[in-house]
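Participant: Could you look at this predicted model? Sequence included:
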Amino acid sequence: MIRKVMLAACCASGLLVMAAPAPAEEAWPSRPIQLVIPFPPGGPTDVTGRVLADKLGQELKVAVVVQNKGGASGNIGAQFVARSAPDGYTLLFTTGGTHGINPFLYDKPGYDPVKDFEPIVWVTTSPNILVVNPSFPAKTLAELIAMAKADPGKYSSAAPGQGSTPHMFGELFKRTAGISIQHIPYKGSGPALTDVMGGQVPIMFDGIPSSLPLVKAGKLRALAVTGPQRSAEAPDIPTVAETFPGFDASGWFALYAPHGTPAPVVTDINQAVNRILQMPEVKQAYAKLGADVVGGSPEKLREQVSKELAKWSELIRQTGMKAE
C-alpha cells in the first residue's frame, strides 16, 4: 500500500512538472544597453552620442552605457556591433563615415553597412565650414576659386586625416569647382586648426563646433558652409550651394542595431529616439553643436545611406583615394 501511494505521488508530481507552463520570454529591455561609439571620447561623435544616451536611458527605463571603441576611422566599433547578438542590447551610434565612405576607402572594412545592420533612426545632420587664415587674400568663395584656378596646386588645405569627412567634403568641393588644392592630412582637427590659424596651411574644412568660435574671435575667416541651407548658428555665412546649386556635404549621425534585431525592438527604440529629438533641451544641445535634429523612420535612414553610398563611391572611384 505504501509503495502504491508513493508511486501515485511520484506520478502526480511528474504530471505536474510536465504540465507546468514554459517560462515567459524576457521582456525587453530588462538589462543595460551598450551604446557603442566607434571613436575616442571627447570627439564630435562621442559628444553627440552622449546627449542621446542620457535621454534614451530615461525613456527606456534602463541604463544606456556608452562604450568607446575607436580605431580605423570607426571600422573597429562598427565591426564589433555587426558581430554582436541581435537582441537589442548592443547598438551603434555612428557617422556617415562608417556607413557612406569607409566601405570604399578600405579594401576590407570588416562589415557591410547595409547587410550587417538594422537602421533605427537618423539622429542629426550638420555641415562643415570652409575656413581660411585671416591673412589669406580670398574674402569670398568666388575669390578662392579664382585664385585656385589661376594657380593650380599652389594652395593647400588641412584635414583631420585621410578619408575623414572634412577631407571628403573638401574633395567634393574641389571636384565640383574644378580646382586643384593640395590635401594635407593631420592627426585630428585640433592640430590642423592650429596650423591654419598659424598660417602654415591657409584653408580647411571643419565642423561648426570647433571652427565657429574661432571665426567669431577673428582667428579664422569663414567663406562658406557645406550644407544645403545656411546654418542657424551662422546665418551670415553663405552656402557652397549658393554658388553651386545642389551641393550638399553634410555630416550626419545615426543609430543602428545588428542585422536580425527583432522589428518590435527596432520600433521601440525608434519611437523613443523620435520623442527625445522633440525635447526642447535636446534640440538646444544639438544646436550648440552646430547640428539639426532629423528623426523619422528606419526607412528614411536607409534611403539616406543609399544616397551617401552612391555619392562617395563615385567620388572615391574618380579620385582613386584609399585609406592610409
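Facilitator: Yep, it's here.

Participant: residues in contact with the helix or strand where residue 81 lies?
Facilitator: Element membership of residue 81 [criterion: DSSP states H and E] is helix 75-82. For helix 75-82, the surrounding residues in contact (C-beta atoms under 8 Å, 6 or more residues apart in numbering) are 36-39, 68-71, 90-92, 94, 98-99, 102, 106, 109-113, 116-117, 256-259. Yep, even glycine has a C-beta here, placed from its N, CA and C like the rest.

Participant: just the buried members of these?
Facilitator: By neighbour count, with 16 or more other C-beta atoms under 10 Å, the contacts of helix 75-82 hold 36-39, 68-70, 90-92, 94, 98-99, 102, 109, 111, 113, 116-117, 256-258 as buried.

Participant: List the ones among those that fall in helices.
Facilitator: Of the buried ones among the contacts of helix 75-82, the ones assigned to helices by DSSP state H are residue 102.

Participant: Sitting in strands, which of the buried ones among the contacts of helix 75-82 do you find?
Facilitator: If you go by DSSP state E, the buried ones among the contacts of helix 75-82 have 36-37, 68, 90-92, 94, 117, 256-258 in strands.

Participant: what's the spacing between residue 155 and residue 43?
Facilitator: Distance from residue 155 to residue 43, counting by C-beta to C-beta, to the nearest Å: 27 Å.

Participant: so residue 123 makes contact with residue 254?
Facilitator: Yes. Contact criterion C-beta atoms under 8 Å: residue 123 and residue 254 qualify, at 5.7 Å.

Participant: from the ones in strands among the buried ones among the contacts of helix 75-82, which is closest to residue 237?
Facilitator: Within those, the smallest distance to residue 237 is 27.3 Å, found for residue 94 (C-beta to C-beta).

Participant: could you measure the closest one against residue 217, distance?
Facilitator: According to C-beta to C-beta, residue 94 stands 31 Å off from residue 217.

Participant: quick check: longest helix of the chain.
Facilitator: Counting residues, the longest helix found in the chain (DSSP H) is helix 298-319.

Participant: same for that one, what does it pack against?
Facilitator: With contacts defined as 3 or more C-beta pairs under 8 Å, 6 or more residues apart in numbering; DSSP states H and E, the packing partners of helix 298-319 are helix 102-105, strand 117-132, helix 165-177, strand 250-258.

Participant: how about a cut-off of 7 Å?
Facilitator: Here helix 298-319 touches helix 102-105, strand 117-132, helix 165-177, going by 3 or more C-beta pairs under 7 Å, 6 or more residues apart in numbering; DSSP states H and E.

Participant: Now do the first one: which elements does it pack against?
Facilitator: Pointing back at helix 102-105 there. Taking 3+ C-beta pairs under 7 Å, 6+ apart as the contact cut, helix 102-105 packs with helix 298-319.

Participant: now do 10 Å
Facilitator: Secondary structure elements in contact with helix 102-105, counted by 3 or more C-beta pairs under 10 Å, 6 or more residues apart in numbering; DSSP states H and E, are helix 75-82, helix 298-319.

Participant: what's the angle between the helix or strand where residue 210 lies and strand 250-258?
Facilitator: Using DSSP H and E, residue 210 sits within helix 208-216. Going by axes from the mean of the first three to the mean of the last three C-alpha atoms, to 10 degrees, helix 208-216 is angled at 160 degrees with respect to strand 250-258.

Participant: Use 7 as the first number for this chain going forward.
Facilitator: Right, with 7 as the first residue, what we last looked at is helix 214-222.

Participant: Give the rounded mean pLDDT of helix 214-222.
Facilitator: Mean per-residue pLDDT for helix 214-222: 90.

Participant: How far away from the center of its chain is it?
Facilitator: 20 Å (C-alpha atoms, centre = their mean, to the nearest Å).

Participant: Give the rounded mean pLDDT of the helix or strand just after that helix.
Facilitator: For helix 214-222, the following helix or strand on the C-terminal side (DSSP H and E) is strand 227-231. Across strand 227-231, the average pLDDT comes to 98.
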